[in-house]
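kindly generate the corresponding structure for this input.
(one chain, ligands or ions: 1)
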Amino acid sequence: MAAYRVDLRSDTVTSPSPAMREAMATAEVGDAWYGDDPTANRLQELAAERTGMEAALFVPTGTMANQIALALHVHTNGHLVACSAANHVATTEVMTAAALSGIAYRTLDPGPRGWIDAEQARTLLEPDSYYDVEIVDLLAVENTAGSFGGTVMPPEEIREIRKVAQEAGVPVHLDGARVFNAAAAAGVDVTEWTREVDTMMFCVSKGLGAPIGSLICGPADLMREARRLKILYGGAWRQAGIVAAAGLVALERGRERLVDDHGRAKALANGLAEAFPGSVDPELVETNMVFLETAAMDLDPLEAVMRMQEEGVGCTVAPPRVRMVTHVGISDEDVETALGAWRRVADS
Ligand SMILES: Cc1ncc(COP(=O)(O)O)c(C=O)c1O
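Numbering: from 1, shown residues only. Have a look, this model is predicted:
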């Protein structure tokens, strides 16, 4: 396995901080299946409080959180979830949704900043009145928009989308894997988005810096059913307080420093745009991701990633681009190291 001096592959590659390790070592635990793990319960309460939702459920992954949410809203096999064609639920998770819940999608390409607007939502939710075959049970949105470089859906847009969904009688789920990044970038509270949706999820394992875990949040009656589905999917993880303890540290202390990650992503983008004109649009770098067009340096993205790996810098392929993500483990110096490596790779 490659060891990186600078690992920009994702904000999921972080190691727990000393405070997290201490909290994990001393966590009070119980059996979460029975609902009596006090640390996991505290994390769920804090997650509900921070998102302004009635209740929350701690699960191992963002995928499980999304899949539970979709299953809560979709009534039967073959019903549709409407969303942007670029959303994680309709791309990476498309097979999972099909296998677990028989879900099919109705999608539209998003606008230039990666999110669908209210007019697109209206089109997606149009009833199939003539043939009466297609039934949309849920509208899903994503913020930040991961495959568009972590762009932020403005709060006024979700408010308009919510109105359209309400008119259509369709609930809304927010994949907020990085919604705290969105809040930090926009300088607003996450409730600007969460109060406009029926269910949402966020990950403590991404920018917030915890090793493991995601929270699904929503009304208490739906979260009771969510707990059933979590057990059904094999996610009842007993002494979950061990990891919830790190999640609590992440949620309590990990939010303020997200703006630093965003500043470093911007510095990386500006440096790349200056060295390789046309390779990055720094204006699109709103949070912690940088997408680089390697064609500007005459390189195929996979080849570029392999060459950067030889330089000890981890990046990922997001064809036709290369993706880099800043996180708690990335310093200003690391950004300079990555820029130096890109210059050498482009020159060789
Ligand atoms: C937007 C978004 N949603 C959901 C997920 C799934 O999270 P996990 O990898 O914890 O399953 C990811 C993972 O990167 C993501 O970027």
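
burial of the nearest residue to Gln239 once chain neighbours are set aside, as a residue count?
Nearest residue to Gln239 in three dimensions, chain neighbours excluded: Val29, at 4.1 Å (CB to CB, 6 or more residues apart in numbering). (Each C-beta comes from the backbone N, C-alpha and C, glycine too.) Neighbours of Val29 under the rule other CB atoms under 10 Å: 17.

could you do Leu108 as well?
With other CB under 10 Å as criterion, Leu108 counts 15.

Glu283 too?
Glu283 has 10 nearby residues by other CB under 10 Å.

okay, strands next: where are they in the stretch 1-150 of the chain?
Per DSSP state E, counting those that start in this stretch, the stretch 1-150 of the chain carries strands over the ranges 6-7, 55-59, 80-84, 104-108, 136-142.

so what are the sheet partners of the last one and their directions?
Using DSSP bridges, the strands paired with strand 136-142 in its sheet are strand 80-84 (parallel), strand 172-175 (parallel).

make a markdown table out of those strands and add mean pLDDT, distance to the ligand and mean neighbour count.
What follows is those, written out as a markdown table (pLDDT from 0 to 100; distance: least, CB to the nearest ligand atom, whole Å; neighbours: other CB atoms under 10 Å):
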| stretch | mean pLDDT | distance to the ligand | mean neighbour count |
| --- | --- | --- | --- |
| strand 80-84 | 98 | 11 | 25 |
| strand 172-175 | 98 | 5 | 26 |
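
could I get those strands as TSV with distance to Ala98?
Formatted as TSV, the strands paired with strand 136-142 follow (distance: least, CB to CB, whole Å):
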stretch	distance to Ala98
strand 80-84	11
strand 172-175	17
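
of all those strands, which one comes closest to Ala296?
Closest of the strands paired with strand 136-142 to Ala296 is strand 80-84, at 26.4 Å (criterion: CB to CB).

give me the below-cutoff pLDDT ranges for this structure.
1-2 (pLDDT under 70).

how about the residues of it near the ligand?
Thr61, Gly62, Thr63, Asn66, His88, Glu142, Gly146, Asp175, Ala177, Cys203, Ser205, Ser214 (CB under 6 Å from any ligand atom).

hmm, try it at 8 Å
Taking CB under 8 Å from any ligand atom as the contact definition, the chain meets the ligand at 10, 12, 60-66, 87-89, 92-93, 142, 144-146, 175, 177-178, 201, 203, 205-206, 214.
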